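Novice: Model the structure of this input:
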Amino acid sequence: MPKIITAHTGTPHITADDVGALLKAAIGNNDYLLSDTPETFTATLLDNNTLQLSDAEVVLQGTHIRIQATDKVTIEQGQNGMKRIDFVVCRYSKDDNGIESAEVAVVKGTPSASPSAPAVVQGDIRNGETLHEMPLFRVEIEGFTVTSIKNVCDTVNSLYSALQSITGLQTQSEKHTNSIMVSNVQIAGVKRIAEDNKTRLNTIYNNKLLWSGAYYMNGSQSITIPAISNQPNGIILVFSDYANGTANNWDFQSFVVHKNTVSKHNGSGHRFIMTTALLSLFCTKYLYISNTKISGHENNSKRGTANSGVKYENTRFVLRYVIGF
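Specialist: The predicted structure is shown next:
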């Protein structure tokens, strides 16, 4: 039978999982910074190795975590002549007794002349996995010096801000303190704006962004998405160029996976082949696709020369978007 949540039942009945399920349904399946001003969420370098974070509200797959301005992390010292990329993450964990906790931590990358971003743990919290990491900041180290700190959070705005973005309207409270005045002219304007945005809203509905990020999709990486079976036709996987530790907005390469294929072969592997200009370099990605989850393969971050003599560099492209269509 259904479980009633926001009602008086006579006994305590609302669990943390109930709240998490509500937040996941209302906000989304992935990890988000909740803010209308994401640029104010910063990590300040106190010395060469210590970062102090500012206040923030984040949601990891429905689990609400409050980051406080007293939270600090230590970046391990770099090496002379080497570069490194680290991630500052919000780490969720659950112990054997079911006790959940969160911490701010550093996932250290591998020192190299041309370093790659380290992999983070992407566990499915709502399905019982006990460890998950949300990247907050990308930290670049050159030699002994931190050279760059970049906020990498996906952001969800407030409903108020989202409404303004869609309609382009200002509320009357911004024009007249504590007074609401709606004229016939304004009503006509609302109708006109609604018609103007009808095509855009239909596009948002029919072409849903199910996930965004920048993953090699190696053996330790997986993503959770809304059910492919609920999409009109299936999903589009969008990859782009990745070089020098940055996902670039060029060389986009897209692939269609029909939902009937996923339904008949749930969890099976799919191969996608990409290439740079003039076929100078090839990249192959192997993904296990199920109805609500896409998992990577260890070969997706390898490079070398195949037995056929073809050079491949599977780190040259990363998965950027999953779009429902």
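
Novice: The nearest residue to H258 once chain neighbours are set aside: neighbour count?
Specialist: Nearest residue to H258, sequence neighbours excluded (C-beta to C-beta, 6 or more residues apart in numbering): G234, at 4.2 Å. Quick note: C-beta positions are derived from backbone N, CA and C, even for glycine. By other C-beta atoms under 10 Å, 19 other residues sit near G234.

Novice: residues contacting G234?
Specialist: I228, V256, V257, H258, K259, N260, T261, V262, G324, F325 (C-beta atoms under 8 Å, 6 or more residues apart in numbering).

Novice: I'd assumed G267 was in contact with the first one.
Specialist: Spelled out, it's I228. No. The pair I228 / G267 is not scored as a contact, 11.7 Å apart, by C-beta atoms under 8 Å.

Novice: next one: phi and psi at Q68?
Specialist: Main-chain dihedrals, Q68, degrees, to the nearest 10: phi -110, psi 160.

Novice: OK, contacts around it?
Specialist: L53, D55 are the contacts of Q68 under C-beta under 8 Å, 6+ apart.

Novice: Kindly provide the distance from it to V58.
Specialist: 12 Å (C-beta to C-beta, to the nearest Å).

Novice: thinking again about what came up before, just the buried subset of the contacts of G234, please.
Specialist: Those of those that meet the buried threshold are I228, V257, K259, V262, G324, by 16 or more other C-beta atoms under 10 Å.

Novice: and the fourth one, what does it touch?
Specialist: Going back to what we said before, that points to V262. Residues in contact with V262 (C-beta under 8 Å, 6+ apart) are I228, S229, G234, I289, S290, N291.

Novice: just checking, the fifth one touches H270?
Specialist: By that I understand S290. No. Contact criterion C-beta under 8 Å: S290 and H270 do not qualify, at 11.0 Å.

Novice: coming back round to it: can you tell me which of the contacts of G234 end up in strands?
Specialist: Mapping these onto strands (DSSP state E) picks out V256, V257, H258, G324.

Novice: Which of these lies at the shortest distance from F137?
Specialist: G324 (29.5 Å; C-beta to C-beta).

Novice: residues near F282, how many?
Specialist: Applying other C-beta under 10 Å, we find 16 residues neighbouring F282.

Novice: Now do the phi/psi pair for it.
Specialist: Main-chain torsions, F282, degrees, to the nearest 10: phi -110, psi 150.

Novice: before we move on, the earlier item: which pair in the contacts of V262 has the greatest spatial separation?
Specialist: Across the contacts of V262 (C-beta to C-beta), the longest gap, 13.1 Å, separates G234 and S290.

Novice: I'd like the contacts of G234 written out as CSV, with pLDDT and distance to T275 added.
Specialist: Converted to CSV, the contacts of G234 look like this (pLDDT from 0 to 100; distance: C-beta to C-beta, whole Å):
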residue, pLDDT, distance to T275
I228, 95, 27
V256, 97, 18
V257, 97, 20
H258, 97, 23
K259, 95, 27
N260, 96, 28
T261, 96, 23
V262, 96, 25
G324, 93, 26
F325, 90, 24
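
Novice: would you turn these into CSV with distance to T9?
Specialist: Compiled in CSV, these are given as follows (distance: C-beta to C-beta, whole Å):
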residue, distance to T9
I228, 36
V256, 47
V257, 43
H258, 44
K259, 39
N260, 42
T261, 44
V262, 39
G324, 36
F325, 42
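
Novice: Go through the residues you listed and say which is closest to R84.
Specialist: Taking these together and measuring to R84 by C-beta to C-beta, the closest member is V257, at 35.2 Å.

Novice: Check whether that closest one really touches S290, as I assumed.
Specialist: No. Taking contacts as C-beta under 8 Å, V257 lies outside contact range of S290: 11.3 Å.

Novice: For the stretch 1-150 of the chain, which segments are assigned as strands?
Specialist: Ranges of strands in the stretch 1-150 of the chain, per DSSP state E, counting those that start in this stretch, are 31-34, 43-45, 50-53, 56-60, 63-67, 72-74, 83-94, 100-107, 131-142, 145-151.

Novice: Right, I'll call it a day here.
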